[in-house]
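1. The following block contains a protein sequence and its predicted model.
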Number of protein chains: 6
Amino acid sequence: MGKLEQDFATYRARMNERVLAEDNRVIKRVYSVDSLAYAEEGALPKQTRELLGLVASLVLRCDDCVKYHLVEARSAGSSRREMVEAMSIGLVVGGTIVIPHLRRAVEFLDDLEAQAGAGDSG
Amino acid sequence: MGKLEQDFATYRARMNERVLAEDNRVIKRVYSVDSLAYAEEGALPKQTRELLGLVASLVLRCDDCVKYHLVEARSAGSSRREMVEAMSIGLVVGGTIVIPHLRRAVEFLDDLEAQAGAGDSG
Amino acid sequence: MGKLEQDFATYRARMNERVLAEDNRVIKRVYSVDSLAYAEEGALPKQTRELLGLVASLVLRCDDCVKYHLVEARSAGSSRREMVEAMSIGLVVGGTIVIPHLRRAVEFLDDLEAQAGAGDSG
Amino acid sequence: MGKLEQDFATYRARMNERVLAEDNRVIKRVYSVDSLAYAEEGALPKQTRELLGLVASLVLRCDDCVKYHLVEARSAGSSRREMVEAMSIGLVVGGTIVIPHLRRAVEFLDDLEAQAGAGDSG
Amino acid sequence: MGKLEQDFATYRARMNERVLAEDNRVIKRVYSVDSLAYAEEGALPKQTRELLGLVASLVLRCDDCVKYHLVEARSAGSSRREMVEAMSIGLVVGGTIVIPHLRRAVEFLDDLEAQAGAGDSG
Amino acid sequence: MGKLEQDFATYRARMNERVLAEDNRVIKRVYSVDSLAYAEEGALPKQTRELLGLVASLVLRCDDCVKYHLVEARSAGSSRREMVEAMSIGLVVGGTIVIPHLRRAVEFLDDLEAQAGAGDSG
């Protein structure tokens, strides 16, 4: 796990726990339908659904959501080239306003892979 | 071709022609990169890229863009169940604000299929 | 029920039925959490939650969602003055881009009240 | 005044009157600051400010706002080529999701000019 | 005042002063209508209007605006449970793209309350 | 070059290089049409087109894009008063949700000018 990914995952886990501790039924159900949407079974492969979540996140310009789906798409088997191509669709649809988010996404991909490489040699 | 699809396709073709007749180089190049993004060859199948375009369009709530990608995804081989599942990702990511667009998308799908059925029996 | 409200309600009911007939679990659950969010019981009165839904819809510029929450807020007891004040918050937060949606919202309010008046005299 | 422009202007005037009749101070002041922003005097020429309003409206994908600023930019002296170039910036920044709005903007420009021509010969 | 709130309030005050020092009439009037919208008197209680501002800010995904309205809603008497419920409406309307902003909002609420508690014991 | 501008420019250049190293044709062409849109020649002066890019970036609330166009507009000859006036249009169109981005834009302008002043005395 890379530095950027680690920071993101730690904060995300800690605060999701705090959010769910509010004990609000609506919030809990939204979290639950979110899990369901990317579950293993479905008409489309999980890998494709993660790419759909990635592109939706990119055009809505949510960096944390992009990071999350990059991690998930990668662990579902998507190659870097496929993830970048998926993001290129988001860039065309969403315009140059997406570019700063694309830069951060590529930085995050670099972080993921550098650390994965470091892990391999460990 | 269904009634809704026909109206959409006719208006779209007529006005794209008018837009390109402005002879603005930037606009022409955006149209051209748009075609390139959904071209046959790529790291991801065209069918997947059309679904990515569909979800991006849905969360950005552009009815005409949704229609376009439904037509394209369908002709690239996506089943109704796959297109609806792709849109369900858009609904989760984009929230209930997406629902009115989902209703119009399903109406358009009905139109596409009713007419396809009618055509089959013709 | 006014002409605009009638058209909206009829289309909405018909297409929601079609959407749910897709038998997609994620979509069904989003519809269900949507109902839960505006249910009777809660920390805030239902009337307040309808106004929250109204303002969220207005700043996200979804005419159909605005219509829906105007109907619901009104039947939960909000006065026209309160609904308009709620929308004025949306106008300030969302900017002049909201104005065309505000015009359509006021037109819809006029329709709701004209018909309510007609009904009273019936 | 063209058919599209006429319909737009009539509805806009009628409903703005209704909106202001709500007698909500916040709404009135937003309308007033809107007028001030595009007033004659300023650091930038009114013509430039109308183009800024046009591009802001286009990337936020508000058809009615686009129409309004096309009318205003044109009457402040912008040529069709300049307005289209301004919109091409919006297309690049906002992405292909802007295309359907660009089509409607060009249709509106055609309407404005056809009628202007008709008027000249009257 | 908590650490997060302090940093936010300090930066906000300092930069608002710089923004207003530009001496731009349009900007000043927008600031002034912003104050008016959340003033004490109104058809709806100030507390409700702060919750409306909170939800509008959340669905438009503006962290700083969310922070501001959390501070204001709290000082107008809203309980944590009410603010969280208001945000749950924003989550449903705006979708999972809102989750990262909800995490930061809850972190900010924790900060506000921890410091309020510390203050009580001082 | 100021501290904020330096950090921004360094990160931007480094990551744009990484993004283009992905060797994705669609991404490359979007970068290329982006350059074309703000090229020297055009129906509108480059300075005006930079202000159009600035306002589009502001209403879409992209801080990095705002920074970029402030640098470009300034070097194309726009005065601070003109850039602020352009942003005031964005504030009116986009609403108070734009204010946090306006604060950061003014901070960036201060940084640009302080350093320009420092450079002059060097």
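-> Yep, that arrived. Residues are numbered from 1 along each chain as shown, chains lettered A, B, ... in the order given.

2. Let's check: the centremost residue of chain A is which one?
-> A:His69 (1.8 Å; C-alpha atoms, centre = their mean).

3. what does stretch A:62-70 contact?
-> Contacts to stretch A:62-70, defined as C-beta atoms under 8 Å, 6 or more residues apart in numbering or on different chains, come from residues A:4-5, A:8, A:12, A:50-51, A:53-54, A:56-58, A:83, A:101, A:104-105, A:108-109, A:112, B:93, E:61, E:96-97, E:99-100. (Each C-beta comes from the backbone N, C-alpha and C, glycine too.)

4. any idea of the pLDDT on A:Glu5?
-> On pLDDT, A:Glu5 comes in at 94.

5. Is the biggest helix by length in chain A positioned near chain F?
-> For chain A, the longest helix by residue count, based on DSSP state H, is helix A:99-120. Yes: for helix A:99-120, a contact with chain F is found by C-beta under 8 Å from any C-beta of the partner chain, at A:99-100, A:102-104, A:106-107, A:110.

6. Kindly confirm whether my reading is correct that A:Val33 touches B:Ile89.
-> No: using C-beta atoms under 8 Å, A:Val33 makes no contact with B:Ile89, being 11.0 Å away.

7. Please say which of the two ends up with more neighbours.
-> More neighbours surround B:Ile89 than the other of A:Val33 and B:Ile89, with 28 against 21 (other C-beta atoms under 10 Å in any protein chain shown).

8. In contact with that one, which residues?
-> By C-beta under 8 Å, 6+ apart, the contact set of B:Ile89 is A:37-38, A:49, A:52-53, A:56, B:55, C:26.

9. Now that we have the residues of helix A:99-120 next to chain F, which of them are buried?
-> Buried members of the residues of helix A:99-120 next to chain F, counted by 16 or more other C-beta atoms under 10 Å in any protein chain shown: A:99-100, A:102-104, A:106-107, A:110.

10. if we look at the lowest-mean-pLDDT helix or strand in chain A, which residues are touching it?
-> Within chain A, confidence by mean pLDDT, DSSP states H and E is lowest for helix A:99-120 among all helices and strands, at a mean of 87. Helix A:99-120 has contacts (C-beta under 8 Å, 6+ apart) with A:1-5, A:58, A:61, A:63, A:66-67, A:70-71, A:74, A:80, A:83-84, A:87, A:90-91, F:11-12, F:15-16, F:18-19, F:22, F:27, F:30-31, F:34, F:62-65.

11. Of these, just the buried ones, PyMOL syntax please.
-> Only the buried entries of those go into this PyMOL selection, using 16+ other C-beta under 10 Å:
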select buried, (chain A and resi 1+2+4+5+58+61+63+66+67+70+71+74+80+83+84+87+90+91) or (chain F and resi 12+15+19+22+27+30+31+34+62+63+64+65)
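
12. Mind checking which of the contacts of helix A:99-120 land in helices?
-> Those of those mapping onto helices are A:3-5, A:58, A:63, A:66-67, A:70-71, A:74, A:80, A:83-84, A:87, A:90-91, F:11-12, F:15-16, F:18-19, F:27, F:30-31, F:34, F:63-65, per DSSP H.

13. Chain B contacts on chain A?
-> Residues of chain A lying near chain B by C-beta under 8 Å from any C-beta: A:33-34, A:37-38, A:42-44, A:48-49, A:51-53, A:55-60, A:65, A:79, A:81-82, A:84-86, A:88-90, A:92-94.

14. same thing but at 6 Å, please
-> Proximity of chain A to chain B (C-beta under 6 Å from any C-beta of the partner chain) is limited to residues A:33-34, A:37, A:42-44, A:48-49, A:52-53, A:55-56, A:59-60, A:81-82, A:85-86, A:89-90, A:92-93.

15. what about burial for those, which qualify?
-> For the residues of chain A next to chain B, a burial check counting by 16+ other C-beta under 10 Å picks out A:33-34, A:37, A:42-44, A:48-49, A:52-53, A:55-56, A:59-60, A:82, A:85-86, A:89-90, A:92-93.

16. now the least confident helix or strand of chain A against helix A:63-75, angle please.
-> Angle of helix A:99-120 versus helix A:63-75, following axes from the mean of the first three to the mean of the last three C-alpha atoms, to 10 degrees, is 40 degrees.

17. Identify the residues contacting A:Val55.
-> Contact analysis of A:Val55 by C-beta atoms under 6 Å, 6 or more residues apart in numbering or on different chains lists A:86, A:89-90, B:52, B:55-56.

18. Tell me the spacing between A:Ala116 and A:Arg80.
-> Computed as C-beta to C-beta, to the nearest Å, the A:Ala116 to A:Arg80 distance reads 11 Å.

19. again, but for A:Leu70
-> Counting by C-beta to C-beta, the gap from A:Leu70 to A:Arg80 is 10 Å.

20. Which residue is the nearest non-sequential neighbour of the residue of chain A found nearest chain D?
-> Across chain A, the shortest distance to chain D (C-beta to the nearest C-beta) belongs to A:Gly95, at 2.9 Å. The shortest distance from A:Gly95 to any non-neighbouring residue, by C-beta to C-beta, 6 or more residues apart in numbering or on different chains, is to D:Gly95 (2.9 Å).

21. ok, the one you found - how many residues close by?
-> With other C-beta under 10 Å as criterion, D:Gly95 counts 26.

22. likewise A:Ile97?
-> Close neighbours of A:Ile97, defined as other C-beta under 10 Å, add up to 22.

23. What of A:Ser35?
-> With other C-beta under 10 Å as criterion, A:Ser35 counts 9.

24. Also A:Gln6?
-> Neighbours of A:Gln6 under the rule other C-beta under 10 Å: 12.

25. Could you tell me which residues of chain A lie near chain C?
-> A:26, A:29-30, A:33, A:36-37.

26. Dump the residues you listed to a markdown table, plus pLDDT and distance to chain E.
-> Converted to a markdown table, the residues of chain A next to chain C look like this (pLDDT from 0 to 100; distance: C-beta to the nearest C-beta, whole Å):
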| residue | pLDDT | distance to chain E |
| --- | --- | --- |
| A:Val26 | 98 | 4 |
| A:Arg29 | 98 | 9 |
| A:Val30 | 98 | 5 |
| A:Val33 | 98 | 8 |
| A:Leu36 | 98 | 11 |
| A:Ala37 | 98 | 8 |
